[in-house]
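Peer 1: Below is the structure, and that's it, no one-letter string:
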């Protein structure tokens, strides 16, 4: 029996936890179980619930860091403004996993289960803004650690993407690795290219100097 099949545990003691948390703590076992025993949600809902949760987290993050509390219209406006990001993620995921014999809705659903690292980063930064009297003054000397933490969250997310492709999509190691690299190069390159084309990258860099 190969290591992919061996990843499925006999029992899932953490089944009461959210799939995102279970993927965070036990990625191989959780992806194997999610792939082997998907829930009975309709395909359309499986395909959109991950991106919608991502937008809800981003909207809540913006609301907490600007208003200090959850404001429904700020969540809605922020989610609308940043909706292109999960759309790009879905597009590049579809491209990177082309010809994988898994329905696109299931691929999207499984991949978005691995977003807990970036969710934790949003949560930590929100807490810093909420529980410090002068958030901007508190954040300025912590820019490097914050960026370092973001890089760690992205790296952690990349590992979870690899596990998702390896275990959830049942791909070989080389294929999973190449597709993971293709996804992040494509997605990251698109974002950088957009900032370059719109001439927004230089102002961002100048603001940090």
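Peer 2: Now that the structure is in, tell me what you want to look at. None of the values given here were measured: they were computed from a predicted structure.
Peer 1: Skip the chain neighbours and tell me the closest residue to residue 160.
Peer 2: What sits nearest to residue 160 in space, not counting adjacent residues and going by C-beta to C-beta, 6 or more residues apart in numbering, is residue 114, at 3.4 Å. No exception for glycine: its C-beta is placed from N, CA and C like everyone else's.
Peer 1: what do you get for residue 191?
Peer 2: Nearest residue to residue 191, sequence neighbours excluded (C-beta to C-beta, 6+ apart): residue 88, at 7.4 Å.
Peer 1: For the residue nearest to residue 160, what is the enclosing helix or strand?
Peer 2: Residue 114 belongs to no helix or strand when assigned by DSSP states H and E.
Peer 1: Next one: it relative to residue 121, how far apart?
Peer 2: According to C-beta to C-beta, to the nearest Å, residue 114 stands 14 Å off from residue 121.
Peer 1: same question, residue 183
Peer 2: Residue 183 sits 19 Å away from residue 121, taking C-beta to C-beta as the criterion.
Peer 1: Give the residue spans of the protein that score low on pLDDT.
Peer 2: For the chain, the stretches with pLDDT under 70 are 1-15, 135, 138, 200-209.
Peer 1: can you rerun that using 90?
Peer 2: Scanning the chain for pLDDT under 90 picks out 1-17, 36-41, 65-69, 128-143, 192-209.
Peer 1: just the helices in it please.
Peer 2: 19-25, 27-36, 43-67, 72-81, 84-96, 104-112, 116-130, 135-139, 143-163, 173-197, 201-207 (DSSP state H).
Peer 1: Give me the angle between the third one and helix 104-112.
Peer 2: Following axes from the mean of the first three to the mean of the last three C-alpha atoms, to 10 degrees, one obtains 40 degrees for the angle between helix 43-67 and helix 104-112.
Peer 1: and helix 43-67 with helix 72-81, angle?
Peer 2: Orientation check (the same axes, to 10 degrees): helix 43-67 against helix 72-81 gives 120 degrees.
Peer 1: Name the residues that touch helix 43-67?
Peer 2: By C-beta atoms under 8 Å, 6 or more residues apart in numbering, the residues outside helix 43-67 that reach it are 38-39, 41, 69-71, 74-79, 82-83, 85-87, 89-90, 103-106, 108-109, 111-113, 115, 119, 122, 125-126, 129-130, 135.
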